[in-house]
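**Student:** Quick one, structure for this:
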Amino acid sequence: MARALLADIAPLRESSQYRLFYTGEAVASLGRQLTLVAAPVQVYAVTESTLLVGLLGLSQFPTILIGSTLGGLAADAWDRRRVLMAAQTALALIGLGLAVNASAGAPMVWVVFALMALQALFFAIDAPARMSTIPRLVRTSRVPAAYALETLLSQFAKALGPIAAGFLIASWSLTATYAIATATFAMALILMALMQPLPATGGGTRPSLRSISEGLRFLKDKKAIQGAFLIDITANVFGLPRALYPEMGLSVFGGTAATVGFLYAAPGVGALVAAATSGWIGRVRRAGVATTIAVTIWGGAIVVFGFSSSIELALVALFIAGGADAISAVFRAIILQLTTPDELRGRLSGLKIAVVAGGPRLGDAEAGLVSRAFGPSVAAWTGGLASAVSALAIAYFFPAFYKWETPDEEATVADPESHSY
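**Tutor:** Numbers count the residues shown, from 1 in each chain. All right, here's what the predicted structure looks like:
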């Protein structure tokens, strides 16, 4: 029974191509996390300005939007393996630039801003090609397990990466941390080079405005994907409480900075546990129902967080919310990738990246505005309630989304000839 709950590693066991792909993604994800910690630390060490640290993250948002669009076009136009390799090459060069700047006697902050914006651009280019490649590497029945493994990898990197970065910076230096990140991107590049080519289906679609409009026309007719996007947006805009953590931790719960840190960590721990015990996901065919339930649980947990009078209850609520969010992410990815033909997967994945990047930032603004007017607790529980109600409303108004089921092996839109086991 316990074994059946553990993450299903069948995709890794059955597909040598997926093993190469997954290993490369693992080391690159660790490198990304190293730089996401090292760069803010360096900016603060040089400037002692929290404002500039905040602007460092905000400055990457435009390049994420641009990169996700370009990456989606590239993934549908050219060999996806080559797109991934080009992105890893660029990331390695950027990491090298960060290391060189850090080793200088007087590191330049503007260089950190510029290189981190470029890094965000190429990660956003890489992401659509990466997401859209998975159904070509594993059989259809293993796609749910593969996306569960992707979530496990993402959460593990987010948990381990910052710890490793802190240790490396404290024990060695910022330069060494950037150099190790550069090595991870180079290693990912080598692993991608060992994979078989992944040529664009049907010869590819030339990048153009017409290509973008083709993807949007496809989305216009696919209510299942629209529902998956909308349920993600509403959950993040209304129900994401991370902007409230400092005030909740310090004022409502009367804690310290460590308390705030626990609040930030709790959803990630919940997501990691959920991904590690995701062996059951592959047996669930009704992904729309599962997504709706997961997002409703997410909203309900945030409501409990908002009404919490103790830090213990708040942490449990956020733990549950994080787990539900991870499960929702897996099922939403399944709906998107198995509804979309391979020749359009890159562009639709790029649009998903834009949604994922934009939703949390809008959510931060919404939570901050409501908190300023009514207080953080009200902002939290009303946002959670709105998130849960929106999930139920989307299920009602988008029945194609709610009733969506994983297709049979022979009915998949993926090209069966492209599988490499």
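**Student:** what residues are up against Pro144?
**Tutor:** Residues near Pro144 by CB atoms under 8 Å, 6 or more residues apart in numbering: 281-282, 284, 287, 330-331, 334, 406. (Each C-beta comes from the backbone N, C-alpha and C, glycine too.)
**Student:** try 7 Å
**Tutor:** 281-282, 330, 334, 406 (CB atoms under 7 Å, 6 or more residues apart in numbering).
**Student:** mind checking how far the residue nearest to Glu343 when sequence neighbours are not counted is from Ala77?
**Tutor:** Residue nearest to Glu343 in three dimensions, not counting chain neighbours: Thr201, with 4.3 Å by CB to CB, 6 or more residues apart in numbering. Separation of Thr201 from Ala77 (CB to CB, to the nearest Å) stands at 11 Å.
**Student:** Ile134 is in contact with Ala148, isn't it?
**Tutor:** No - between Ile134 and Ala148 there is no contact under CB atoms under 7 Å: 11.2 Å.
**Student:** okay, and the common contacts of the two?
**Tutor:** Looking at what touches both Ile134 and Ala148 (by CB under 7 Å, 6+ apart), there is no common residue.
**Student:** where does the chain have low pLDDT?
**Tutor:** Within the chain, the segments meeting pLDDT under 70 span 1-4, 50, 257, 361, 409-421.
**Student:** picking that back up, from the contacts of Pro144, pick the one nearest Asp364.
**Tutor:** Val330 (24.0 Å; CB to CB).
**Student:** following the strand or helix carrying that closest one, which helix or strand shows up next?
**Tutor:** Using DSSP states H and E, the element containing Val330 is helix 311-339. Using DSSP H and E, the helix or strand that follows helix 311-339 in sequence is helix 342-374.
**Student:** Break the chain into its domains for me.
**Tutor:** As recorded under automatic domain parsing, the domains making up the chain are 1-203, 208-407.
**Student:** coming back round to it: among the contacts of Pro144, which one lies nearest to Tyr264?
**Tutor:** Val330 (22.3 Å).
**Student:** what phi and what psi does the backbone show at the residue lying farthest from the centre of the chain?
**Tutor:** With distances taken as CA atoms, centre = their mean, the residue sitting farthest from the centre of the chain turns out to be Gly105, at 35.7 Å. When quoted as degrees, to the nearest 10, the phi and psi of Gly105 stand at phi -60, psi -40.
**Student:** what residues are up against the closest residue to Ala321 other than its chain neighbours?
**Tutor:** Excluding the flanking residues, the one nearest Ala321 by CB to CB, 6+ apart is Ala301, at 3.8 Å. Contact partners of Ala301, counting by CB under 7 Å, 6+ apart, are 317, 320-321, 324.
**Student:** so Ala301 is in which element?
**Tutor:** Assigned by DSSP H and E, Ala301 falls within helix 287-307.
**Student:** Just the endpoints, please. Distance across stretch 246-266?
**Tutor:** End-to-end distance for stretch 246-266, by CA to CA, to the nearest Å: 14 Å.
**Student:** Now tell me what touches it from outside.
**Tutor:** Applying CB under 7 Å, 6+ apart, the set of residues contacting stretch 246-266 from outside is 242, 245, 311, 314-315, 318-319, 322, 371, 376-377.
**Student:** try stretch 10-17
**Tutor:** Outside stretch 10-17, the residues within contact range by CB under 7 Å, 6+ apart are 18-19, 22, 137-138, 142, 145-146, 149, 195-196, 420-421.
**Student:** so how many other residues sit close to the closest residue to Leu348 other than its chain neighbours?
**Tutor:** Excluding its sequence neighbours, the residue lying closest to Leu348 (CB to CB, 6+ apart) is Thr340, at 4.9 Å. By other CB atoms under 10 Å, the residues close to Thr340 number 24.
**Student:** Just read off the phi/psi values of Thr340.
**Tutor:** Main-chain torsions, Thr340, degrees, to the nearest 10: phi -100, psi 130.
**Student:** Determine the number of other residues adjacent to the nearest residue to Val284 once chain neighbours are set aside.
**Tutor:** Leaving out its chain neighbours, the residue that sits closest to Val284 by CB to CB, 6+ apart is Ala290, at 5.3 Å. Counted with other CB under 10 Å, residues neighbouring Ala290 total 21.
**Student:** Quickly note the distance from Ala290 to Ser251.
**Tutor:** Going from Ala290 to Ser251 by CB to CB gives 37 Å.
**Student:** Next, the contact list for Arg32, please.
**Tutor:** Going by CB under 7 Å, 6+ apart, Arg32 touches Phe123.
**Student:** Name the helix or strand for it, please.
**Tutor:** Going by DSSP H and E, Arg32 is in helix 16-47.
**Student:** chain center to that helix, what's the gap?
**Tutor:** Offset of helix 16-47 from its chain centre (CA atoms, centre = their mean, to the nearest Å): 13 Å.
**Student:** and Ala170, how many neighbours?
**Tutor:** Ala170 has 10 neighbours, counted by other CB under 10 Å.
**Student:** next one: phi and psi at it?
**Tutor:** Torsion angles at Ala170 (phi, psi; degrees, to the nearest 10) stand at phi -70, psi -40.
**Student:** how near is it to Val260?
**Tutor:** Going from Ala170 to Val260 by CB to CB gives 21 Å.
**Student:** Which residue ranges of the stretch 151-300 of the chain form helices?
**Tutor:** Counting by DSSP state H, counting those that start in this stretch, the stretch 151-300 of the chain has these helices, from start to end: 174-193, 209-220, 223-239, 245-247, 257-276, 287-307.
**Student:** Just the buried positions in the fourth one, please.
**Tutor:** Looking back up the chat, that one is helix 245-247. Using 16 or more other CB atoms under 10 Å as the test for burial, helix 245-247 gives 245, 247.
**Student:** name the element Pro11 belongs to?
**Tutor:** Using DSSP H and E, the element containing Pro11 is helix 10-14.
**Student:** just how off-centre is that helix within its chain?
**Tutor:** With CA atoms, centre = their mean as the basis, helix 10-14 stands 22 Å off its chain's centre.
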